[in-house]
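Colleague: Return atomic coordinates for the entry below.
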Amino acid sequence: MEKWRKLKTWQKTAILSFVLPMLFWGFMRTRRFRRERGARIRAARLQQVRQFKVVVPVSNDPDDKVVLKAEHPGSLPDEKNLKGRTLWVSAGGQMEYYAFNGKSIDFNHSAGVLLGAERVVVHDAVEQVAPRSAGARFPDADAEVLLVFVRPDDPRSPTREYVAAVGDREGHDYNIITDQLFFYEDPHTLYEHWGPKIWASIDVHKAVVGMTERQLQTALGQVSTPRGDIMGDRSIEYDNQGKPKLVTFEKGKAIQIRDESQ
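Modeller: Numbering: from 1, shown residues only. Below is the predicted model:
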């Protein structure tokens, strides 16, 4: 420090003009080296992840390989495009339907509940406002979006028109959940691997030993209360239209079915 003070001004200037650029060059070189080193490390880590990534076991359950179509409807015209189409109920036991005379709907008197895998043929889609007397079955909205259909497999009235709510409208915004309520393809074909015996029971909404949870849900409806968290190794109480069934599963199959309605 004493030597630095003894230096003349021109000498100090000469030293600084040489030293400062060298320090700056060294700093920039170190910074560039670190940046390039960091890039190499990130690239190496990425390559390591690609080479040694965790492989999730592929499910052997054929149900998991079934691809369900979705059409993502977002308006009343989208629903009207279903006219003439055949759909099958996916959300069994959750949709009440009402008689329709072409104009009005009696929201206060349900004609029944659509059951799993039931076939309907779409005639139209309409909007109507549900009265307050309909209660909590319909959300507060500017209008309900309703699918108009017939139930061709009903021997008593195969041509009678009904409606079921598939969404609602608030202002110009629609909330439509047809994709979650119906199959666009015949589930008997989609899940053909279930076999004719299982399907024969499902079609009459009967629970039988040996069914899986998905099969029981299709047969008895989605309204249920699980008693346990491990799918396939627990008990589930199915509402079954007010006639509850308690089903015990073990290793993925129903081993006991108990009537809880009494």
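Colleague: So for residue 214, what's the nearest residue that isn't a sequence neighbour?
Modeller: Leaving aside its sequence neighbours, residue 214 sits nearest to residue 63 (Cβ to Cβ, 6 or more residues apart in numbering; 5.8 Å). C-betas here are computed from N, CA, C, even on glycine.
Colleague: how about low-confidence regions in the protein?
Modeller: 1-59, 135 (pLDDT under 70).
Colleague: quick check: domain ranges of it?
Modeller: 2-52, 67-183, 195-259 (automatic domain parsing).
Colleague: mind giving me CSV with these and columns for mean neighbour count and distance to residue 189?
Modeller: Shown next, in CSV, are these (neighbours: other Cβ atoms under 10 Å; distance: least, Cβ to Cβ, whole Å):
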stretch, mean neighbour count, distance to residue 189
domain 2-52, 10, 39
domain 67-183, 16, 10
domain 195-259, 16, 10
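Colleague: what sits up against the helix or strand that contains residue 168?
Modeller: Using DSSP states H and E, residue 168 maps to strand 161-170. The contact list for strand 161-170 (Cβ atoms under 8 Å, 6 or more residues apart in numbering) reads 73, 76, 79, 95-102, 105, 111, 114, 123, 125-127, 130, 138-139, 141-151, 174-178, 181.
Colleague: In the sheet, which strands lie alongside it, parallel or antiparallel?
Modeller: Strand 161-170 has the following strand partners under DSSP bridges: strand 95-99 (antiparallel), strand 143-150 (antiparallel), strand 173-176 (antiparallel).
Colleague: could you dump the ones you listed to a markdown table with distance to residue 198?
Modeller: Output for the strands paired with strand 161-170, formatted as a markdown table (distance: least, Cβ to Cβ, whole Å):
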| stretch | distance to residue 198 |
| --- | --- |
| strand 95-99 | 23 |
| strand 143-150 | 26 |
| strand 173-176 | 31 |
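Colleague: Out of those strands, flag the one nearest residue 208.
Modeller: Residue 208 lies closest, by Cβ to Cβ, to one member of the strands paired with strand 161-170: strand 95-99, at 24.5 Å.
Colleague: Identify all contacting residues around that closest one.
Modeller: With Cβ under 8 Å, 6+ apart as the contact definition, strand 95-99 has outside contacts at 89, 105-107, 109-114, 137, 160-165, 181.
Colleague: how distant is that strand from the center of its chain?
Modeller: Chain-centre distance of strand 95-99: 23 Å, with Cα atoms, centre = their mean, to the nearest Å.
Colleague: what about the strands in the protein?
Modeller: All strands of the chain, identified by DSSP state E, fall at 86-89, 95-99, 112-114, 119-128, 143-150, 161-170, 173-176, 182-183, 224-227, 235-238, 245-250, 253-259.
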